[in-house]
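Student: please find the sequence and the predicted model below.
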2 protein chains.
Amino acid sequence: MSYGGGYGAGGYGAPPGADPQLWSWFTTVDTDRSGAITAVELERALMNGDWTPFDLDTVKLLMTLFDTDRSGTIGFTEFAGLWKYIKDWQNVFKHFDRDRSGTIDGEELRDALGQFGYNLSPSLLDLVQKKYATQTGGRYAPAPGITFDRFVRACVVVKQLSEAFGRLDTDRDGWIQINYDQFMNTVLCLP
Amino acid sequence: MSYGGGYGAGGYGAPPGADPQLWSWFTTVDTDRSGAITAVELERALMNGDWTPFDLDTVKLLMTLFDTDRSGTIGFTEFAGLWKYIKDWQNVFKHFDRDRSGTIDGEELRDALGQFGYNLSPSLLDLVQKKYATQTGGRYAPAPGITFDRFVRACVVVKQLSEAFGRLDTDRDGWIQINYDQFMNTVLCLP
């Protein structure tokens, strides 16, 4: 929410009934005390397990999902949903990062996407791994791992693309007919 | 290149005939003096006009374009091509950033893509603007601008998608037939 004046006439206090822990996190992220979190503030606050910052594209994905009043910023009510979403994904990440390396490797990615119902071919899995890995891999080196924020984005992209394809494949034969505008639209709506 | 030992037995010197200015830039980026630039080193070195760092996805795009020996890193010979590519794009960016704001707004984006031969519909242009803007915009706020690194990525994505569509549209009727694997493959190969 784009509320500039803080909560209540006295300035910047927790709204009545607010979870004190959640309010404390909110005020930590809201560095300029505006009562609303911008993409830049959120980007500064979010860290992967290896202390690398979240990608701006992941931050924008989170903002888009939880900015329910379309103000361009995240208010305290919206923040509760965002926080829970991140916590839930952290549990998913921990569950699939079986070797506790802090990143998702090829096999872990296959298992995660498979459990979500997306059984991609080995070559598609390889593309997802390369696209979302933090480093570029060499021809002979093992594919690098995927950090938390990029793992969330990878899963959301595979889900959104598969759903878009399913909607267009009305006769369920595995092929779709699509024009240029639909095609571009589908891709440009991805996080 | 993944050459670990530096150039020549004596350690880390410029290769014979190297442009001294380019060599000096290369050694600045190659902070660990390994003779090869990694994605992380390149990310640390590249800055937009507003001092924001390049996105990892743009850095990986650059690495993929210029890592001709597929080593996963950029050697000095590869670095020359990379440097020229960035310089050329900086000139393109300056040319289209007519109001010298340091970012590309909606009209500037339309002109740039139009000049490259991509006349997108207003709604597609709006999607490109939103996807590559650095900030999330509010419902009533003007769409935020696109910084240099994300502008390069936006242009490469529109080009790659349009070319992929054109290759599949063999009868040039503006419609393509595509299966799930082709569809996913096209999108996952985008930077």
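Tutor: Received, thanks. Residues are numbered from 1 along each chain as shown, chains lettered A, B, ... in the order given.
Student: so where is chain A shaky, pLDDT-wise?
Tutor: Per-residue confidence for chain A (pLDDT under 70) gives these ranges: A:1-11.
Student: if we use 80, what do you get?
Tutor: A:1-12, A:136-143 (pLDDT under 80).
Student: please enumerate the strands of it.
Tutor: Taking DSSP state E, the strands of chain A run over residues A:175-179.
Student: just the helices in it please.
Tutor: Counting by DSSP state H, the segments of chain A that form helices are A:20-29, A:39-45, A:56-66, A:76-96, A:106-115, A:122-132, A:148-168, A:180-188.
Student: make a markdown table out of the ones you listed and add distance to chain B and mean neighbour count.
Tutor: Where C-beta positions appear, they are placed from N, C-alpha and C, glycine not excepted. Listed next are those as a markdown table, based on distance: least, Cβ to the nearest Cβ, whole Å; neighbours: other Cβ atoms under 10 Å in any protein chain shown:
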| stretch | distance to chain B | mean neighbour count |
| --- | --- | --- |
| helix A:20-29 | 15 | 14 |
| helix A:39-45 | 5 | 19 |
| helix A:56-66 | 5 | 21 |
| helix A:76-96 | 12 | 16 |
| helix A:106-115 | 11 | 18 |
| helix A:122-132 | 4 | 18 |
| helix A:148-168 | 6 | 20 |
| helix A:180-188 | 4 | 19 |
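Student: which stretch among those comes nearest residue B:38?
Tutor: Residue B:38 sits nearest to helix A:122-132 of all those, at 15.4 Å, using Cβ to Cβ.
Student: please look at residue A:67 and residue A:74 and confirm they touch.
Tutor: Yes: under the criterion of Cβ atoms under 8 Å, residue A:67 lies in contact with residue A:74, with a separation of 5.9 Å.
Student: these two: which is more packed in?
Tutor: Relative neighbour count places residue A:74 above the other of residue A:67 and residue A:74, with 29 against 25, counting by other Cβ atoms under 10 Å in any protein chain shown.
Student: return the distance of that one relative to residue B:55.
Tutor: For residue A:74, the distance to residue B:55 equals 21 Å [Cβ to Cβ, to the nearest Å].
Student: and what of residue A:51?
Tutor: Residue A:51 sits at a distance of 18 Å from residue B:55 (criterion: Cβ to Cβ).
Student: the more surrounded of these two?
Tutor: The residue with the greater number of neighbours, taking residue A:51 and residue B:55 and applying other Cβ under 10 Å, is residue B:55; the counts read 23 against 6.
Student: pretty sure the more buried one sits against residue A:54.
Tutor: No: when contacts are counted by Cβ under 8 Å, residue B:55 is not listed as touching residue A:54 (11.3 Å).
Student: need the helices of chain A in JSON lines with distance to residue B:101, can you?
Tutor: Rendered in JSON lines, the data for those read as follows (distance: least, Cβ to Cβ, whole Å):
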{"stretch": "helix A:20-29", "distance to residue B:101": "28"}
{"stretch": "helix A:39-45", "distance to residue B:101": "17"}
{"stretch": "helix A:56-66", "distance to residue B:101": "19"}
{"stretch": "helix A:76-96", "distance to residue B:101": "29"}
{"stretch": "helix A:106-115", "distance to residue B:101": "40"}
{"stretch": "helix A:122-132", "distance to residue B:101": "31"}
{"stretch": "helix A:148-168", "distance to residue B:101": "28"}
{"stretch": "helix A:180-188", "distance to residue B:101": "23"}
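Student: for residue B:63, find the nearest of the ones you listed.
Tutor: Shortest separation from residue B:63 across those is recorded for helix A:122-132, at 11.3 Å, computed as Cβ to Cβ.
Student: my guess is residue A:158 meets residue A:128, correct?
Tutor: Yes: with contact defined as Cβ under 8 Å, residue A:158 reaches residue A:128; the gap is 6.7 Å.
Student: shared neighbours, those two?
Tutor: Common contacts of residue A:158 and residue A:128, defined by Cβ atoms under 8 Å, 6 or more residues apart in numbering or on different chains, comprise A:113, A:120.
Student: right, and residue A:135 touches residue B:41 too?
Tutor: No: the pair residue A:135 and residue B:41 does not pass the contact test of Cβ under 8 Å, sitting 10.6 Å apart.
Student: OK, contacts around residue A:80?
Tutor: Neighbouring residues of residue A:80 by Cβ under 8 Å, 6+ apart: A:19, A:22.
Student: if I look at it, how far off is residue A:144?
Tutor: In this structure, residue A:80 and residue A:144 are separated by 34 Å, where distance is defined by Cβ to Cβ.
Student: now swap in residue A:89 and tell me
Tutor: Residue A:89 sits 20 Å away from residue A:144, going by Cβ to Cβ.
Student: same question for residue A:83.
Tutor: Here the criterion is Cβ to Cβ. By it, residue A:83 lies 29 Å from residue A:144.
Student: please apply the same query to residue A:48.
Tutor: Residue A:48 is 14 Å from residue A:144, where distance means Cβ to Cβ.
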